[in-house]
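A.B. asks: predicted model, plus sequence, below.
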Amino acid sequence: MGLFSIFGSKEKKETLEKGLSKTKTSFFERLTKTIIGKSTVDEEVLDNLEEVLVSSDVGVDTTLKIIGKLEERIKRDKYVGADELNGILKGVIAGLVTERRTDGWRGFDSPLPQKPYVILVVGVNGVGKTTTIGKLAYQFKKAGKSVMLGAADTFRAAAVEQLTIWSERVGVPIVSQGMNADPASVAYDTLQSALAKDVDVVLIDTAGRLHNKVGLMNELGKIRKVMQKLMPEAPSEVLLVLDASTGQNAIEQARQFTAVTDVNALALTKLDGTAKGGVVIGISDQFGIPVRYIGLGEGMEDLQVFNPHEFVEALFE
């Protein structure tokens, strides 16, 4: 039985391959140029490959790690043919991406570790945070779980309105106090209502701004503190949403958010519209935080649970 038979449907595989097509095309066009006229992987090929990886937004640190592993292979085998490079590179990247998946979580159909399962969603404005929440609500509901939304991004009226539209579209309840309300109060009321109604999954939106890190840290800390009065283990998950199309900027955002709050899951949106999909590799490697979801299109079905095996297969297939 193949990997896709185990982890996903044929339709999901096709969506993933289509979503990664720009990254794949760009990456392999550059990779091909590095080995034209070469029979073996030598220092020049490795130098050119390093440039390809960095320009594909894999990131400098992760690129150096990949090159180092290739150099080890060449040193061990004495000779590595240029025609072997794809297979070896695939194995190295697969190793980097999969070693970060230590939580065993498999998807929307999986049993929840606790009830309610509280997901606090963070990220800067414009990355697709609220849309991701709506799609998560849809996917969890489709899997037979009850869902409640909390509109704790009260900094922008548009954020509350957008989340309300998603709640109506998906058909799940929302707790909202409108613009300029205390975000912690909204989070408290949302969790209190979810506990009273025996809801399975709670998705709480938060303000997407980084201009004041101290303010952001204090706000997220307050939200966590008030929820823990009702449920000591809340939030179950702090999900950072990043826009993959911003490449290295996404890595910088991850660096800043992980510095101010305990992020333990990542979602990468807009992979379908960019050639910068290599950022998934860099983020998976650098932060030790599992990439849990990837966005591959506008449709509600196009938010997928990230499976590293499927990702690498689609990238190199």
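C.D. replies: Received the coordinates, thanks.
A.B. asks: from here on, contacts and neighbour counts on C-alpha atoms
C.D. replies: Fine.
A.B. asks: count of neighbours near Lys142?
C.D. replies: For Lys142, the number of neighbouring residues by other C-alpha atoms under 10 Å comes to 13.
A.B. asks: name the residues of stretch 297-311 that come out as buried.
C.D. replies: If you call a residue buried by 16 or more other C-alpha atoms under 10 Å, then stretch 297-311 has these buried ones: 297, 300, 302-308, 310-311.
A.B. asks: check those residues and tell me the two furthest apart.
C.D. replies: For the buried residues of stretch 297-311, with distances taken as C-alpha to C-alpha, the pair at the greatest spread is Met300 and Pro308 (21.0 Å).
A.B. asks: among the buried residues of stretch 297-311, which are in strands?
C.D. replies: Counting by DSSP state E, those place 303-305 in strands.
A.B. asks: pLDDT of stretch 75-85, averaged?
C.D. replies: pLDDT averaged over stretch 75-85 equals 85, rounded to a whole number.
A.B. asks: span of it from start to end?
C.D. replies: Stretch 75-85 has an end-to-end distance of 14 Å (C-alpha to C-alpha, to the nearest Å).
A.B. asks: all helices in the stretch 151-300 of the chain, in order from the N-terminus.
C.D. replies: Secondary structure of the stretch 151-300 of the chain (DSSP state H, counting those that start in this stretch): helices located at 157-170, 183-196, 213-230, 248-260, 279-287.
A.B. asks: Provide the contact partners of the last one at residue level.
C.D. replies: Contacts with helix 279-287, where a contact means C-alpha atoms under 8 Å, 6 or more residues apart in numbering, come from 56-59, 61-62, 93, 96-97, 100, 244, 247-248, 250-251, 254-255, 268, 290-291.
A.B. asks: ok, Gln162 touching Gly128?
C.D. replies: No. Distance between Gln162 and Gly128: 11.2 Å, which falls outside the contact criterion (C-alpha atoms under 8 Å).
A.B. asks: between those two, which is the more surrounded one?
C.D. replies: Between Gln162 and Gly128, counted using other C-alpha under 10 Å, the more crowded position is Gly128 (19 against 14).
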